[in-house]
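J.: this one's sequence-less:
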């Protein structure tokens, strides 16, 4: 998979792309991330990418010209699914991550200031939001999307089953996890996990996942088709 990120702060991504899962994905050639400085498409000597909004108001708005030119350049290299990160986008969740992971190429646009000139939206396929809160810019959101999508690319995670068992992958929060020692400061690992009975372990984990979801994220269960204890994938 190739991911192009358009931003005015390409250095924001340097450390995350060099470490952990994203670093290994890049080293293996499974996820190629290319960073593009939007200012490279500015047309004045100050490399301006923003201006005052028509109609007045606080803040600055990102100019359409650099964005159109950047997308012209990137799309000339081949087809891509283009997503803009903005507060008014539809909610990014695991289901969206799975859909985007099937794309051979993504272009992620990072907004700043008061937003991007509305006409730029004629060039994108979808607008994504990672939550109902305010960020300094789209870079943080783009990194969240990249991390969630990259781990679903075949071969990125050492154990493919891990991705399927994590929170939200099946519409539930993940069950509690334990490791050695079996007793620590008087706190014991549940006996069923030490029983060797794989069927009992799976039943326990399922029950724990349902209980945790009911207590902490009942909205996930409410989204289940037809109700009951079998939730659909959250979205």
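T.: Arrived safely, thanks for sending. The structure presented is a predicted model; accordingly, all values stated were derived computationally and were not measured.

J.: Next, the buried residues of the longest helix anywhere in the chain.
T.: The longest helix of the chain (DSSP state H) is helix 198-216. Across helix 198-216, burial judged by 16 or more other CB atoms under 10 Å covers 201, 204-205, 208-210, 212-213. (C-beta placed from N, C-alpha, C; glycine too.)

J.: Same question for stretch 100-115.
T.: Neighbour counts over stretch 100-115 (16+ other CB under 10 Å) mark 100-101, 103, 105-113, 115 as buried.

J.: Could you look up the SS state of residue 33?
T.: Assigned by DSSP: H, G, I helix; E, B strand; the rest coil, the conformation of residue 33 is strand.

J.: burial measure for it, as a count.
T.: For residue 33, the count of nearby residues is 19 (other CB atoms under 10 Å).

J.: swap in residue 137?
T.: 16.

J.: Residue 98 and residue 32: what is the separation?
T.: 20 Å (CB to CB, to the nearest Å).

J.: Looking at the two now, which is surrounded by more residues?
T.: Set residue 98 next to residue 32 and count neighbours by other CB under 10 Å: residue 98 wins out with 15 against 12.

J.: Okay, that one and residue 151: tell me how far apart.
T.: 11 Å.

J.: do the same with residue 120
T.: From residue 120 over to residue 151 (counting by CB to CB), the distance is 29 Å.

J.: which of these two has more neighbours?
T.: Per other CB under 10 Å, whichever of residue 120 and residue 151 has more neighbours is residue 120, with 21 against 18.

J.: That one against residue 86, yeah?
T.: No. Counting by CB atoms under 8 Å, residue 120 stays clear of residue 86, with 10.3 Å between them.

J.: thinking again about what came up before, quick check: neighbours shared by residue 98 and residue 151?
T.: Jointly contacting residue 98 and residue 151 under the rule CB atoms under 8 Å, 6 or more residues apart in numbering is no residue at all.

J.: What is the longest helix of the chain packed up against?
T.: Judged by 3 or more CB pairs under 8 Å, 6 or more residues apart in numbering; DSSP states H and E, helix 198-216 is in contact with helix 218-222.

J.: Mind listing what's buried along the helix it packs on?
T.: Within helix 218-222, the residues that count as buried by 16+ other CB under 10 Å are 220-221.

J.: May I ask which helix or strand encompasses the most centrally placed residue in the chain?
T.: Central residue of the chain (CA atoms, centre = their mean): residue 145, 1.9 Å from the mean position. In the assignment (DSSP states H and E), residue 145 maps to helix 138-150.

J.: and that helix, which residues are buried?
T.: Result for helix 138-150 [16+ other CB under 10 Å]: buried residues 138-139, 141-146, 148-150.

J.: Redo these as TSV? Include distance to residue 94.
T.: Output for those, formatted as TSV (distance: CB to CB, whole Å):
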residue	distance to residue 94
138	20
139	22
141	16
142	17
143	17
144	12
145	12
146	15
148	7
149	10
150	14
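
J.: Report the rounded mean pLDDT for the longest helix of the chain.
T.: The predicted model assigns helix 198-216 a mean pLDDT of 96.
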